[in-house]
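>>> okay, here's the prediction I keep looking at, along with the sequence it came from:
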Amino acid sequence: MQKTNAIELVHFSKNFVDVLNDFELPEEQCQFTALPKEISIEMVGQYPIVILSDNVPVGFFVLHATERVKEYSSNPKAMLLTALSIDHKKQGNGYAKKGMLALSEFIKRKFKDCDEVVLVVNHKNIPAQNLYLKVGFVDNGERRMGPIGEQIVMHLNI
């Protein structure tokens with residue numbers, strides 16, 4: 001495994017569009033997440049976040065402070081994390097782990113009112129479950145049915 005470069009979480013900007021539009025995922029990962037180019041971010045309260053390595057986008061996810069959060073948390077200060085992806089060409093370098101480890105500090109700086117991040121992960125997506133557990137998310141046993149089966153609701157206290 002290559003040494004992971006330092007990463008940074010930043011708000012999406014149009015400067016990143018071309019690189020994000022070139023992201024690829026293997027078919028087995030596409031069932032669990034969406035490519036950045038497939039995500040419509042037009043709603044107030046949706047915040048696309050880019051994971052940079054040496055100022056180059058390597059990953060992407062969306063934070064939500066919308067009504068959708070209430071489906072997974074009764075905490076009015078919670079945000080929902082969706083659509084985490086790492087470009088297939090960049091996978092295996094620890095970018096997802098480093099990006100998620102940087103999440104708490106990023107939220108403390110950029111979303112001062114937020115004190116919890118919630119997400120759902122498909123029960124078949126073992127690599128993602130392991131990632132989230134390693135970076136501090138907690139599985140309290142809450143389950144939901146999603147479009148492709150059971151979803152595990154996970155929480156991270158900020």
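That came through, no problem.
>>> now stretch 64-82, how far from the chain's geometric center?
Centre-to-centre, stretch 64-82 and its host chain are 14 Å apart (C-alpha atoms, centre = their mean, to the nearest Å).
>>> wait, Y132 touches V118, no?
No: in this structure, Y132 is not within contact of V118 by C-beta atoms under 8 Å, at 10.9 Å. Every C-beta, even on glycine, is put in place using the N, C-alpha and C of the backbone.
>>> neighbour-wise, which of those two wins?
Between Y132 and V118, Y132 has the larger neighbour count (other C-beta atoms under 10 Å), namely 24 against 20.
>>> A helix includes that one, no?
Yes: counting by DSSP: H, G, I helix; E, B strand; the rest coil, Y132 is found in a helix.
>>> point out where this structure drops to low pLDDT.
Residues of the chain meeting the criterion pLDDT under 70: 1-4, 25-32, 34-38, 40-43.
>>> switch the cut-off to 50
Across the chain, the ranges flagged by pLDDT under 50 are 1-2.
>>> that one: helices as residue ranges?
With DSSP state H, the ranges of helices along the chain come out as 17-21, 27-30, 95-101, 103-110, 126-134.
>>> for the fourth one, packing partners?
Meaning helix 103-110. Judged by 3 or more C-beta pairs under 8 Å, 6 or more residues apart in numbering; DSSP states H and E, helix 103-110 is in contact with strand 7-11.
>>> bridged to V118, which residues?
Beta bridges link V118 to L80, H155, judged by DSSP bridges.
>>> re earlier: nearest to G45, out of the helices of the chain?
Closest of those to G45 is helix 103-110, at 13.8 Å (criterion: C-beta to C-beta).
>>> got the buried residues for the closest one?
Neighbour-count burial for helix 103-110, counted by 16 or more other C-beta atoms under 10 Å, picks out L103, S104, F106, I107.
>>> hey, C-alpha coordinates of that helix in PDB?
Listed next in PDB are the C-alpha coordinates belonging to helix 103-110 (Å, rounded to 0.1, in the frame of the first residue of the first chain):
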ATOM      1  CA  LEU A 103     -14.800  14.900   9.600                       C
ATOM      2  CA  SER A 104     -15.300  15.900  13.200                       C
ATOM      3  CA  GLU A 105     -12.800  18.700  13.100                       C
ATOM      4  CA  PHE A 106     -14.200  19.900   9.700                       C
ATOM      5  CA  ILE A 107     -17.700  20.000  11.200                       C
ATOM      6  CA  LYS A 108     -16.600  21.800  14.300                       C
ATOM      7  CA  ARG A 109     -15.100  24.500  12.100                       C
ATOM      8  CA  LYS A 110     -17.700  24.700   9.300                       C
END
